[in-house]
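K.L.:
Sequence plus the predicted model coming up.
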Amino acid sequence: MKRTLFFTVLGGISLLIVNACSSMGNMDAMGGQESMGSKMSGGEMMDSGGSYLLPPDKVKGMMQMMMSMKPDTLEAGLKRGEKLFYDETLGGNTSRKSCGTCHEDGGTVGGAAEMEWKGMKMKVNIPTLRGAAAHFPKPMGPMKALVDLAGMNNMCIMTFLKGAPIDKNSQQSIDLVAYVTSFSKGKSLEPGKEKIVPRPVPGAM
């Protein structure tokens with residue numbers, strides 16, 4: 001997420017620089033008139049679309065600041081994801097359970113978990129997460145909605161942990177997906193494949 005933010009901001013600054021150069025070119029052509037917009041306080045410019053154009057010294061300062069930021073790493077994300085995986089308050093849940101409660105070390109404790117859908121209670125086999133990430137996206141749940149791995153994580157948080165879904169664009173969601181995906185290292189992608197249940201419970205989904 002930090003890298004995404006970095007490149008988004010950097011791309012925006014590049015666009016500002018291009019716009020600023022274009023503005024100066026238009027001003028020169030018109031004898032110094034500010035054809036792109038009015039001068040703002042502090043040296044900023046506003047173009048006709050209402051966007052602020054920063055002066056070169058501020059742009060340079062922002063770029064130097066971002067270039068000095070310590071880059072994020074996959075290893076750091078996996079460590080954060082592991083903490084979330086065993087966090088019993090994930091999604092604000094009060095169940096006193098975590099993802100790791102049913103999937104210790106990415107496996108399965110076996111048995112079935114209870115869930116409720118439209119007032120009906122049902123049992124759901126607890127699958128292993130080893131190799132599971134390679135099977136997404138796929139249809140899941142009673143409605144067979146197509147979901148990606150982040151969506152599946154949210155379904156478990158809401159259904160079994162009784163918590164609120166995590167914003168799929170958040171660092172938390174990305175880190176949790178990274179950690180769950182680490183259990184599928186070396187596995188071939190097979191989107192749509194059924195979940196892996198080593199010890200299914202008769203009558204459970």
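P.N.:
Yep, that arrived.
K.L.:
going forward, measure contacts and count neighbours with C-alpha atoms only.
P.N.:
OK.
K.L.:
Might you list the low-confidence residue ranges for this structure?
P.N.:
1-52 (pLDDT under 70).
K.L.:
In it, mark out all the strands, start to finish.
P.N.:
45-46, 52-53, 112-117, 120-125, 138-140, 145-147 (DSSP state E).
K.L.:
Turn those into JSON lines, including distance to Arg96 and mean neighbour count.
P.N.:
Shown next, in JSON lines, are these (distance: least, CA to CA, whole Å; neighbours: other CA atoms under 10 Å):
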{"stretch": "strand 45-46", "distance to Arg96": "52", "mean neighbour count": "18"}
{"stretch": "strand 52-53", "distance to Arg96": "48", "mean neighbour count": "20"}
{"stretch": "strand 112-117", "distance to Arg96": "15", "mean neighbour count": "14"}
{"stretch": "strand 120-125", "distance to Arg96": "19", "mean neighbour count": "14"}
{"stretch": "strand 138-140", "distance to Arg96": "25", "mean neighbour count": "18"}
{"stretch": "strand 145-147", "distance to Arg96": "26", "mean neighbour count": "14"}
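K.L.:
What's the local residue count around Pro142?
P.N.:
8 (other CA atoms under 10 Å).
K.L.:
Oh, that last question was meant for Pro56, not what I typed.
P.N.:
15.
K.L.:
ok, back up a step: quick one: closest of the strands of the chain to Gly192.
P.N.:
strand 138-140 (4.3 Å; CA to CA).
K.L.:
Point out the other helices and strands that that closest one packs with.
P.N.:
strand 145-147 (3 or more CA pairs under 8 Å, 6 or more residues apart in numbering; DSSP states H and E).
K.L.:
what's the strand it packs on packed up against?
P.N.:
Looks like strand 145-147 contacts strand 138-140 (3+ CA pairs under 8 Å, 6+ apart).
K.L.:
The strands of the chain: which one's closest to Leu74?
P.N.:
The nearest among the strands of the chain, by CA to CA, is strand 145-147 at 23.5 Å.
K.L.:
ok, back up a step: switch the strands of the chain over to JSON lines; also include distance to Pro165.
P.N.:
Formatted as JSON lines, these follow (distance: least, CA to CA, whole Å):
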{"stretch": "strand 45-46", "distance to Pro165": "39"}
{"stretch": "strand 52-53", "distance to Pro165": "35"}
{"stretch": "strand 112-117", "distance to Pro165": "16"}
{"stretch": "strand 120-125", "distance to Pro165": "20"}
{"stretch": "strand 138-140", "distance to Pro165": "16"}
{"stretch": "strand 145-147", "distance to Pro165": "13"}
